[in-house]
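1. Quick one: sequence and predicted model below, then my questions.
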Amino acid sequence: MGSNVSEQHDTYAKLIGLLDERGAGYRVIEHAEQGATEAVSALRGNTLAQAAKCIVVMVKIGKKQKRYVLAVVPGDRRLDLGAVKTLLGGTYAGFATAEVAERLARSVSGTILPFSFDAELELVVDPGLLVHEEIFFNAARLDRSLALRTADYVAIAEPRTADIAG
């Protein structure tokens, strides 16, 4: 069972409400429906390095335990699964299934936010993304993105930072 449209809009509304409540500096950018980082960055007019590429990773800890990480890397870099595995002391790391990713992120693939609204999903951001004044990401919708002040993002999301981009 994938996310439906009302869940996506709920996640979008939750994000905007949180940003407004915390006084964050952001801009909403409407564009054609697009979830691929390179294509949507061209539509928004940001560099790939400013784009937050968000990937849900499943890490096995031994044989019985699984943890999920929302890994966020700059759009011009690749996620280093080995680094995520090592960071969590895991025995294996791989991409979560689309179903699991969408359930934990509360939005469809291509629109996953660099925020976690689920206790099961640990947010880890590569510091290479945080050097920019603003970051850009799809806002739980294929047709809408946000440009968010990086300082506000860090203050509100409180991400764990680690070198997870290859």
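-> Structure's in. What do you need? Numbers count the residues shown, from 1 in each chain.
2. In the chain, what residue spans correspond to strands?
-> In the chain, the segments counted as strands under DSSP state E are 26-30, 52-61, 65-74, 92-95, 121-125, 134-141, 144-149, 160-161.
3. Show me what the fourth one pairs with in its sheet, parallel or antiparallel.
-> The strands beside strand 92-95 in its sheet (DSSP bridges) come out as strand 52-61 (antiparallel).
4. Averaged pLDDT, the strand it pairs with. What do you get?
-> The average pLDDT within strand 52-61 is 97.
5. what residues does it touch?
-> With contacts defined as Cβ atoms under 8 Å, 6 or more residues apart in numbering, strand 52-61 is touched by 37, 66-75, 77, 79, 81, 84-85, 88-96, 100-101, 104-105, 112-114, 121, 125, 129, 135-137. All C-beta spots, glycine's among them, are computed from the backbone N, C-alpha and C.
6. now swap in stretch 75-84 and tell me
-> 37-38, 41, 47-53, 55, 57, 59, 69, 71, 73, 90, 93-95, 124, 126, 128, 162-166.
7. residues of it that come out buried?
-> Across stretch 75-84, burial judged by 16 or more other Cβ atoms under 10 Å covers 75-77, 79-81, 83-84.
8. How far off centre is that stretch?
-> Chain-centre distance of stretch 75-84: 13 Å, with Cα atoms, centre = their mean, to the nearest Å.
9. so how far does it reach from one end to the other?
-> 17 Å (Cα to Cα, to the nearest Å).
10. tell me the average confidence for stretch 11-24?
-> 97.
11. one step back: mark which of the contacts of strand 52-61 are buried, thanks.
-> For the contacts of strand 52-61, buried by 16+ other Cβ under 10 Å: 37, 67-75, 77, 79, 81, 84-85, 88, 90, 93, 96, 100-101, 104-105, 112-114, 121, 125, 129, 135-137.
12. quick check, distance from stretch 115-124 to the centre of its chain.
-> Distance, centroid of stretch 115-124 to centroid of chain: 9 Å (Cα atoms, centre = their mean).
13. sorry, that was for stretch 30-44
-> Distance, centroid of stretch 30-44 to centroid of chain: 15 Å (Cα atoms, centre = their mean).
14. For it, buried residues please.
-> 31, 34-35, 37, 40-41, 44.
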